[in-house]
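> Requesting a structural model of the entry that follows:
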Amino acid sequence: MSARISIIIVSYNCESYLRVCLQKLQVYLQPARDEVIVVDNASSDSTIAMLKSEFDWVKLIEAGENLGFGRANNLGMQQAQGDYFFLLNPDTELLGDAMGAGLQFYESEHAAGVGVVGFPLLSPNLNPEVSAGNFPNLMELSLDLLPAKLFPYRLKERKKAHYTIVDYVSGADLFLPRSTYEAVGGFDPVFFLFYEETEWQYRMQKNGLLRVILAHPAIIHHVGTADHKVSLAKILLFEKSRVYYYRKLTGRLGSWYCRFLLSFFYFSRSFGSGKAYFRQAAIQMWYV
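As a prediction, this is how the structure comes out:
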């Protein structure tokens, strides 16, 4: 008997986070309902050994290389048996049966036209975290690069009786029916990391599918499984995805405008901070 829900987790050198994630997840698992798939992106730590010794009920897919977030999730969805997919970050902790809540929602009349749902995210100290975002556009990009105090960020949302409609749900937790995946395809494999869930849900919108946040249960999100120090390599990884996003949605002219704004932004930051990598980033924006 195949599972109703396939929980797919992509791991990369995150052994300690993944262990806690699976321990919390196991509390809510129902064998006849759920299967758990971990796609490992060639971790160099002890992730594989830990999974085999402590979580033998996990279906392990060893990618053999670092595929990034989107391609690894695509691999998991291709091999999943469930009628529903629950894409979950390894640095999360469930605070309730999110699988059951997602399934109950999709089996109700309220789910008509909903392509994907997410749940409220909390920081480790239980403060609200970013659970959704607005689709980026060139006007917002222009404003984003100005001082935040001039144009504070406001999430576009529409509250309904049973959910909140947003532009896109955070990639930390994405619960969707297989039919959504079949309608829009998987993540664009060109994205290695960042913006892939945004572009994916933009395609859902083009297919007339809503993206929503359910009221509960909440999920703790540790926001990353590696250090968050700024470096040239991390800047370029993020901005390469951003430029590709704008090129895909707005064409070559839009991507060049994006590069121009980013180059100016990083060049300006190099004066205020004295960081050499900001000057290097300003130059590299024309090559990402």
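
> Would you mind measuring from L253 to L143?
According to Cβ to Cβ, to the nearest Å, L253 stands 19 Å off from L143. C-beta coordinates here come from the backbone N, C-alpha and C atoms, glycine included.

> domain assignment for the protein?
Per automatic domain parsing, the structural domains of the chain span 5-221, 232-284.

> what is the mean pLDDT for the last one?
Over the span of domain 232-284, the pLDDT mean works out to 91.

> just the first one next, same as before
In this model, domain 5-221 carries a mean pLDDT of 95.

> How far away from the center of its chain is that domain?
Mean-position distance between domain 5-221 and its chain equals 6 Å (Cα atoms, centre = their mean, to the nearest Å).

> In this protein, which residue is most central in space?
Closest to where the C-alpha atoms of the chain average out (Cα atoms, centre = their mean) is G171, at 1.8 Å.

> which SS class is that one?
coil (DSSP: H, G, I helix; E, B strand; the rest coil).

> looking just at contacts, which helices and strands does the longest helix along the chain meet?
Secondary structure of the chain per DSSP state H: the longest helix is helix 232-273. Helix 232-273 makes packing contacts with helix 138-144, helix 196-206, helix 276-284 when contacts are defined by 3 or more Cβ pairs under 8 Å, 6 or more residues apart in numbering; DSSP states H and E.

> any idea of the angle that helix forms with helix 276-284?
Orientation note: helix 232-273 sits at an angle of 110 degrees relative to helix 276-284 (axes from the mean of the first three to the mean of the last three Cα atoms, to 10 degrees).

> if we can go back for a sec, test my guess that the residue nearest to the centre of the chain contacts E197.
Yes. Taking Cβ atoms under 8 Å as the definition, G171 is a contact partner of E197 at 3.5 Å.

> how about the strands in the chain?
Taking DSSP state E to define them, one finds strands in the chain at 5-11, 34-40, 59-62, 84-88, 92-94, 114-118, 121-122, 132-133, 157-159, 164-166, 168-169, 173-177, 210-213, 219-221.

> list the contacts for N74?
Counting by Cβ atoms under 8 Å, 6 or more residues apart in numbering, N74 touches G186, F187, P189.

> what's around the closest residue to the second one other than its chain neighbours, how many residues?
Which is F187. Excluding its sequence neighbours, the residue lying closest to F187 (Cβ to Cβ, 6 or more residues apart in numbering) is G70, at 3.0 Å. Using other Cβ atoms under 10 Å, G70 has 25 other residues around it.

> same thing with L176?
Neighbours around L176, by other Cβ under 10 Å: 26.

> try L126
Neighbours of L126 under the rule other Cβ under 10 Å: 10.

> OK, contacts around the closest residue in space to it that isn't next to it in sequence?
Nearest residue to L126, sequence neighbours excluded (Cβ to Cβ, 6+ apart): I220, at 7.5 Å. Each residue near I220 by Cβ under 8 Å, 6+ apart is listed here: T92, E93, L95, L121, L122, S123, P124, L126.

> Distance check, the second one against A281.
For E93, the distance to A281 (Cβ to Cβ) stands at 34 Å.

> sorry, back to before: can you put the contacts of N74 in JSON lines and add distance to Y287 and neighbour count?
Rendered in JSON lines, the data for the contacts of N74 read as follows (distance: Cβ to Cβ, whole Å; neighbours: other Cβ atoms under 10 Å):
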{"residue": "G186", "distance to Y287": "28", "neighbour count": "16"}
{"residue": "F187", "distance to Y287": "24", "neighbour count": "22"}
{"residue": "P189", "distance to Y287": "21", "neighbour count": "12"}
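
> Could you list which residues are in contact with K159?
I165.

> If you could redo that for L94, that was the one I meant.
Applying Cβ under 8 Å, 6+ apart to L94 gives the contacts K24, L25, V27, Y28, P217, I219.

> Next, find the distance separating the last one from D83.
Using Cβ to Cβ, we find I219 at a distance of 21 Å from D83.

> Compare these two (neighbour count), which wins?
The neighbour comparison of I219 against D83 (other Cβ under 10 Å) goes to I219, with 25 against 15.

> just to revisit the earlier point, buried members of the contacts of I220 into ChimeraX, please.
Remark: buried members of the contacts of I220, expressed as a ChimeraX selection using 16 or more other Cβ atoms under 10 Å:
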select :92,93,95,121,122
